[in-house]
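> heads up, no residue letters with this:
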């Protein structure tokens, strides 16, 4: 289980970003293909940023590396894409990242909180 939420481009639109990337990876895709896709949809970023995005989705269990630098949407990712449910995505994140459930609980009890308050 990871301690941080990781990195996604357009974090303010995380769900849409995840959907777009998972759909891209419905077929096995190479690093070169991902770089072209990423630059098209998320503007040019560093190689490190692209790698962090892939690592984040691997850590969530939504994509998997099937050979060196080749990724595909995992069975979990494919299942989630069938519903694209906010609740199911939160449950997936809760299974892979520490404290997500606790953060959701605190927000539901107290409304909007700053990072320090959480």
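Looks like it came in fine. Predicted model, so just to flag it, every value in this text is computed and none were measured.

> spatially nearest residue to the residue nearest the centre of the chain (excluding sequence neighbours)?
With distances taken as Cα atoms, centre = their mean, the residue of the chain nearest its centroid is residue 57 (4.1 Å). Nearest residue to residue 57, sequence neighbours excluded (Cβ to Cβ, 6 or more residues apart in numbering): residue 63, at 4.4 Å. (C-beta placed from N, C-alpha, C; glycine too.)

> which helices and strands sit right next to the helix-or-strand element of the chain with minimal mean pLDDT?
Ranked by mean pLDDT, DSSP states H and E, the weakest helix or strand in the chain is helix 100-110, scoring a mean of 78. When contacts are defined as 3 or more Cβ pairs under 8 Å, 6 or more residues apart in numbering; DSSP states H and E, helix 100-110 packs onto helix 86-96.

> the helix it packs on - contacts with which helices or strands?
helix 14-24, helix 75-83, helix 100-110.

> next, format the ones you listed as CSV and append mean neighbour count and distance to residue 50.
Compiled in CSV, those are given as follows (neighbours: other Cβ atoms under 10 Å; distance: least, Cβ to Cβ, whole Å):
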stretch, mean neighbour count, distance to residue 50
helix 14-24, 17, 11
helix 75-83, 15, 18
helix 100-110, 12, 24
